[in-house]
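Asker: A predicted structure for the sequence below; I have some questions about it.
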Amino acid sequence: MTAAERAAVSRFRRRYPMEGYSGKPVSVMLSGDAHLALDALVSVYSDKSQKEIIDLALVHLLKSRQVTE
């Protein structure tokens, strides 16, 4: 296997580990309203991290969209 092929396999394994899709790094600046909403949700769901709350919100939004279609 060439170095390029090994690198491609390594990238694939990092992106798709045995547990499933590894995720996508995202860097965003929230609007003021979204920032306040995230802070409020962190207060309500104190057992969850900001990342977990954002993950849940995105998945919930997608699922609610699929139900209405």
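Answerer: Done, it's in.

Asker: only C-alpha atoms for contact and neighbour calcs from this point on.
Answerer: Fine.

Asker: Show the residue spans covered by the strands in the chain.
Answerer: For the chain, none of the segments meets the definition of strands by DSSP state E.

Asker: what residue lies at the spatial centre of it?
Answerer: Nearest to the mean C-alpha position of the chain, counting by CA atoms, centre = their mean, stands D55 at 4.8 Å.

Asker: Report the separation between it and S43.
Answerer: Distance, D55 to S43, using CA to CA, to the nearest Å: 16 Å.

Asker: how close does the residue nearest to the centre of the chain sit to L30?
Answerer: When CA to CA is applied, the distance between D55 and L30 equals 15 Å.

Asker: Kindly report the same for R13.
Answerer: 31 Å.

Asker: same thing with Q66?
Answerer: Between Q66 and L30 the distance, using CA to CA, works out to 25 Å.

Asker: And for E52?
Answerer: Relative to L30, E52 is positioned 16 Å away (criterion: CA to CA).

Asker: Compare neighbour counts for those two and give me the winner.
Answerer: Per other CA atoms under 10 Å, whichever of E52 and L30 has more neighbours is E52, with 13 against 10.

Asker: Quickly note the distance from that one to V67.
Answerer: Following CA to CA, the distance that separates E52 from V67 is 22 Å.

Asker: can you check Q50 too?
Answerer: Q50 sits 26 Å away from V67 when distances are taken as CA to CA.

Asker: burial count for R14?
Answerer: A total of 13 residues lie near R14 under the criterion other CA under 10 Å.

Asker: switch to numbering from 25
Answerer: All right, first residue 25 from here; so that's R38.

Asker: What does the pLDDT read for it?
Answerer: Looking at R38, its pLDDT is 76.

Asker: for the chain, what are the low-confidence residue spans?
Answerer: Within the chain, the stretches with pLDDT under 70 are 41-47, 92-93.

Asker: can you map out the helices along it?
Answerer: With DSSP state H, the ranges of helices along the chain come out as 27-39, 56-68, 74-92.

Asker: Just the buried residues of the first one, please?
Answerer: Read it as helix 27-39. For helix 27-39, a neighbour-count test (16 or more other CA atoms under 10 Å) marks nothing as buried.
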